[in-house]
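Enquirer: The sequence and its predicted three-dimensional model are supplied below.
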Amino acid sequence: MSRIAILGQAPGARQSRWALARRGNHDLTLWAHSAALADQLIETGENLPYLPGFTLQPDVQVTPDLLAAIFEADIIVSVTPSAHLRSTMEKIAPVLTRNQIIVCASKGLEEGTFLRVTQVIASVTENPCGVLSGPSFAQEVAAGQPTACVIASQSSATALAVQRDFFFRVAAALYQ
């Protein structure tokens with residue numbers, strides 16, 4: 001069983017959460033950026049602001065504590081907006097273990113530096129990382145409709161490890 005932390009409430013977080021929960025064999029923790037949102041998710045089981053109509057799987061743990069969310073996670077899926085990616089990575093970097101894989105599903109470039117999300121992660125940590133992307137929509141993934149994505153990484157071992165853990169079809173690709 002893989003321990004997977006999902007950071008954020010963007011569309012990629014919703015997709016990842018439902019896809020991983022459907023796959024099973026995962027210990028999933030969702031980090032909500034605020035205590036109020038975490039309480040709402042725990043109380044209602046539904047992400048009312050971002051994806052109403054789909055119930056959170058009961059085995060998904062929800063926390064507003066970033067460091068608790070990533071504790072002992074095998075894979076950390078970050079879908080924090082690219083504007084907040086560096087600060088989020090800087091907060092978790094001191095407690096990351098060498099083997100934790102960081103998967104980024106954030107879109108865009110870092111403002112000011114124009115770095116890609118994987119470059120931002122690499123500038124903060126030496127952990128293996130990759131980027132998850134593809135033509136998918138949160139509602140389709142939550143509804144269990146067919147979806148395909150790509151995990152790109154500089155390491156084939158990292159790409160293949162992530163590919164094994166996701167429910168929807170994830171192609172593995174290398175980048176430089």
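Expert: Cool, the structure landed.
Enquirer: pLDDT below threshold where in the protein?
Expert: 1, 9-24, 50-51, 135-147, 167-173, 176 (pLDDT under 70).
Enquirer: any chance you could map the helices in it?
Expert: Using DSSP state H, the helices of the chain run over residues 11-23, 35-44, 66-70, 82-92, 117-124, 138-142, 156-165.
Enquirer: Would you format those as JSON lines with mean neighbour count and distance to Gln100 included?
Expert: C-betas here are computed from N, CA, C, even on glycine. Shown next, in JSON lines, are these (neighbours: other C-beta atoms under 10 Å; distance: least, C-beta to C-beta, whole Å):
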{"stretch": "helix 11-23", "mean neighbour count": "23", "distance to Gln100": "16"}
{"stretch": "helix 35-44", "mean neighbour count": "14", "distance to Gln100": "22"}
{"stretch": "helix 66-70", "mean neighbour count": "17", "distance to Gln100": "7"}
{"stretch": "helix 82-92", "mean neighbour count": "17", "distance to Gln100": "9"}
{"stretch": "helix 117-124", "mean neighbour count": "19", "distance to Gln100": "12"}
{"stretch": "helix 138-142", "mean neighbour count": "19", "distance to Gln100": "24"}
{"stretch": "helix 156-165", "mean neighbour count": "18", "distance to Gln100": "11"}
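Enquirer: Tabulate these (a markdown table), appending distance to Lys107.
Expert: Listed next are the helices of the chain as a markdown table, based on distance: least, C-beta to C-beta, whole Å:
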| stretch | distance to Lys107 |
| --- | --- |
| helix 11-23 | 8 |
| helix 35-44 | 21 |
| helix 66-70 | 21 |
| helix 82-92 | 7 |
| helix 117-124 | 8 |
| helix 138-142 | 13 |
| helix 156-165 | 18 |
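Enquirer: Nearest to Val131 among these would be which one?
Expert: Closest to Val131 of the helices of the chain is helix 117-124 (C-beta to C-beta; 5.3 Å).
Enquirer: can you tell me how far Pro49 sits from Leu41?
Expert: Distance check for Pro49 against Leu41: by C-beta to C-beta, to the nearest Å, it reads 10 Å.
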